[in-house]
Every structure is written in structure tokens, then in C-alpha cells.
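Chemist: Pasting a predicted model and its sequence here:
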Amino acid sequence: MLKKILHLVAQKGICGIALPGLLRRPGFLGLVVAISLLPMVNTCGLTPLLTDAKVWPEHITPNADGSTDVAVINYRLNRNAWVSIYFIDESGQPHYFRREKRRSIGEYTVYFGGVVQGRMLPDGNYTWVIEATDDYGRTEKAQGTLLITDADTTPPELRNFSVYPSEFTPNQDGLDDRVTILYYLTKPAETHVYLIDPEGRRYPLVEKERDVKPGEPGIHLYDYEGGVDLGAEPPPDGTYLVVAEAQDKVGNRTVVTATLVIKEGGVPRADILNADVQFYPKIVPLGATLYFTLTVENFGAVPIRTSGPPPGTIYKSTQNFNTLGWYEEPGVWRVGIDFETNSSGRPYPFRWAVCGDDCEVRVINGREYRFLMPGQRSTVTGGIRIVHKPPRNPIHFWAGLIHEDVRIEPFNDHVDPQEISIGF
């Protein structure tokens, strides 16, 4: 038998490669070479590449009713190969379920629910084909018939998909800090929304809780702030693809996309430098002014926005920032002064901008905004003219750094309290 195989190889070669000279090597060396080539002889000519191929049942109704929704595809490879599985419709058009996928020797089972490339095949008669090509270029096929009826060919739709604004700055300055992503889902489906950066990294988004539950038909809303509200750094600045996808029970899949630009994103960080506040004088006659000086440092990576009144402003003790017309603004940072016996109903009734002429001024939508830039320090001064007797004397005054409508960090609250006597 061995002699016959060696004669066949010498005459016809292996996998199309002529080797007669090699096999004519004398003695033991020739025998070793011949035996080493026997697996190749079996691979290329004696054993079928593709066996035990079948698709069952031959009739499916892929509509998620739990009955004959899926066909089972079985096959065996007797050597490594590139495998394609496709279905040819009545017009002769192939629909690829798998295309040139690398597979190793072994048995395989695949479940087919009628969906190819995210869409359900329409009702009809199909010819299924399993095609395998080995490393020597030899191709074998198996085929049969599959009937599809009652297929759910209606894909879920993500209607009126929108991303607004298309450019945002997730840094809690109150300006374009959030993005609203909205769509209308037309049928029950599993949905996912995420960002993709230029390197392909994904950043998943969480749907806002509403009466319409995730995956139910209706309007769905995502309120995205980059994670900054939870103290996390947002994705790096850059241009991202916003992807929303929906897949129904039978596998129909819809994907919509939009572009989103992230700029100056990050968690804002600032403090009163060295937690040092100078109050003077220590004894203030009734009707006189208590002054302070401190320095604010932006030690974060993003600008912080501020609002007036400007440093140097003198309050009366009966006034507050509202009476001066400088109301609270979400995202604004301001220096505040508070004191014992404060009965105004709000902390830090006296507030000042964290910078003055040294602020960076930007005009956005026709309005001027002021920012203390990353790494920048600014000295803030101001005063309070004491025009009424305090309930007790002496009393303590202290400073704070307020991030309005966001938080006052513990290290920026009740900073450097000092005892001040009011003379009257």
C-alpha cells in the first residue's frame, strides 16, 4: 500500500506540487521523506474537506413565537479551512450569513434565525450553501433547501434621532455642559447608545429614567454630561460618533449615527490658596468696613466660570448678592463670606467674582462670560460695612469658594474662621 501511495505522489505530486525527484532519494532518507508526506497526501486527496453538512428543519417561521423560529446548521471540517455560509434566493442572489471565516478542524453547530446583515430574509424558498476552502485552495460545497414563511421582516426604527448640541463642554460651567440624545422607538427592541472615539473605544450611555421603559416603543431620552457630575473625567476632547442601535427579538437590527464634539471637558478644581484669608481690622466700629483678601487658584485642567460682583465691591451688612442684582447662576464659581448669627436663610450672603481684570473674557452667543483659566491664580478683595449690631459680639467670619448649583467642596467651606469684634 505504501508503495502505491508513493508511486502516486511521484507521478502526480501533492496538492498540485510535483515531487518525483524528492521521492527518489536513496535508502532510509527517502523513506523518512515519504512517510513525512503521508499526512499531506491524506489532506489533499483522500479525505473530504467538508462532511456531515445539514440544515434542519427545512422550514422555519422566524417571528419570535417560539415555534420553528430557528434552523440548526451542522457541518464538520476535516482540516483547517475558510468557511462561507450563504442562502441563495429564488432570483439567484446570495445572502451571506458567514463569509470566509477561518475555522479549524472539528464539528460546528450554528443557529440561523433568518437574519442576514441585520435584516430578516423575506418569505420564500432558498438554497443553503456551506462552502469550505482549505489552505491549498481546494474548495468543497454542500447544499440543500430551506423554506422561510411568516417571517417578521419589520425592523425597529429609531425615528427622529437627534443629538443636541452637537458640540459640548462637560466641565460644569453651566454652558453646554449636557447633551440631549432623543429618538422614537417604533417596536419593542433591545437598544444601546454609545460614543465611539477615533481609536474605536466605546463609551456607553445610560438612558434617563422615564415612564417609557428602555426597549419599549415610545420616546427615549439620554441626558449625557460625560460623567462629570459623578466626579469622573469625561472622554478626552475630540470628535466622536454617537451610535444608537436597536435589535428586535428575531434579530432585525437598525443603527443610526451622529457626530459629537467634546471640548474643554473635565472636572473643575479650584480652592482658596493655602486656606489663607486675611480679615482686617480685627475690631470694626459700627458703621465701618470689614475687609478681606484671599487668593483663588484654578488647579484643574479646565476653565472655571465666574460672575460678579467684581472684586473690590463693598456690601452693607443688610445686603446680599441678590439685592445687588448678581443672582445665582448654575456652574458659576464665586468667593463668599459668611458669619455666625447669619439669619438670611442662605449661606455666604456676600459673594464676589473669583477674578477681575485678569479674567479671560469670552463672547458666547452675544454675551460676555469670564473665566479663571487652568493654573491661574487671582487675588480677591472686598468688604462689608457693618451697619447693624450683631446678636452677639465678638463673632466669627470665614470665607468659602462656592460652585453654584453644583457643590461646595469640604475644603472650600468654612475656610479660616476668625474672630471679629464689632465696636458700638
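Modeler: Structure received.

Chemist: Point me to the helix or strand that includes residue 318.
Modeler: Using DSSP states H and E, residue 318 maps to neither a helix nor a strand.

Chemist: show me the contacts for the nearest residue to residue 329 once chain neighbours are set aside.
Modeler: In space, and not counting its chain neighbours, residue 329 is closest to residue 307: 5.4 Å by C-beta to C-beta, 6 or more residues apart in numbering. Quick note: C-beta positions are derived from backbone N, CA and C, even for glycine. Applying C-beta atoms under 8 Å, 6 or more residues apart in numbering, we find residue 307 in contact with 326, 329, 332, 334, 353, 370.

Chemist: now, which of these sits nearest residue 180?
Modeler: For these, the minimum distance to residue 180 (C-beta to C-beta) is 20.5 Å, reached by residue 329.

Chemist: Quick one: neighbours of that closest one, just the number.
Modeler: 17 (other C-beta atoms under 10 Å).

Chemist: could I get the contacts of residue 307 as CSV with secondary structure and pLDDT?
Modeler: Formatted as CSV, those follow (DSSP: H, G, I helix; E, B strand; the rest coil; pLDDT from 0 to 100):
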residue, secondary structure, pLDDT
326, coil, 97
329, coil, 96
332, coil, 98
334, strand, 98
353, strand, 98
370, strand, 98
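
Chemist: What confidence value was assigned to residue 40?
Modeler: We have a pLDDT of 52 for residue 40.

Chemist: Poorly predicted segments of this protein, please.
Modeler: 1-46 (pLDDT under 70).

Chemist: domain parsing for it?
Modeler: Split into domains by automatic domain parsing, the chain comes to 2-46, 50-148, 158-262, 270-423.

Chemist: still on that earlier bit, what about the residue nearest to residue 329? Give its phi and psi, please.
Modeler: Main-chain torsions, residue 307, degrees, to the nearest 10: phi -150, psi 160.

Chemist: ok, so what distance separates it from residue 171?
Modeler: From residue 307 across to residue 171, the span is 16 Å (C-beta to C-beta, to the nearest Å).

Chemist: got it, and residue 305?
Modeler: 9 Å.

Chemist: ditto for residue 252
Modeler: Going from residue 252 to residue 171 by C-beta to C-beta gives 40 Å.

Chemist: Which of the two has more residues huddled nearby?
Modeler: residue 171 (26 against 22).

Chemist: is it true that the more buried one touches residue 266?
Modeler: Yes: applying C-beta atoms under 8 Å, one finds residue 171 in contact with residue 266, separated by 5.5 Å.

Chemist: Find the residues that touch each one of the two.
Modeler: 228, 302.

Chemist: Give me the three-state assignment for residue 152.
Modeler: coil (DSSP: H, G, I helix; E, B strand; the rest coil).

Chemist: Contact partners for it?
Modeler: Contacts of residue 152 (C-beta under 8 Å, 6+ apart): 62-64, 120, 248-250, 252.

Chemist: ok, those residues vs residue 358, which is closest?
Modeler: Looking across those and measuring by C-beta to C-beta, the closest to residue 358 is residue 248, at 58.0 Å.

Chemist: What's the local residue count around that closest one?
Modeler: Neighbour count of residue 248, defined by other C-beta under 10 Å: 21.

Chemist: mind checking how far it is from residue 60?
Modeler: For residue 248, the distance to residue 60 - C-beta to C-beta - is 16 Å.

Chemist: cool, and residue 178?
Modeler: 46 Å.

Chemist: With residue 377 instead?
Modeler: Distance from residue 377 to residue 60, by C-beta to C-beta: 71 Å.

Chemist: These two - which one has more neighbours?
Modeler: Taking other C-beta under 10 Å, residue 377 and residue 60 do not tie; residue 60 has more neighbours (23 against 15).

Chemist: surely that one meets residue 73?
Modeler: No: at 11.6 Å, residue 60 does not count as touching residue 73 under the criterion of C-beta under 8 Å.

Chemist: contacting residues around whichever strand or helix holds residue 220?
Modeler: Assigned by DSSP H and E, residue 220 falls within strand 218-224. The contact list for strand 218-224 (C-beta under 8 Å, 6+ apart) reads 178-185, 191, 193, 205-208, 210, 212, 214.

Chemist: can you rerun that using 6 Å?
Modeler: With contacts defined as C-beta atoms under 6 Å, 6 or more residues apart in numbering, strand 218-224 is touched by 179, 181-185, 193, 205, 207-208, 212.
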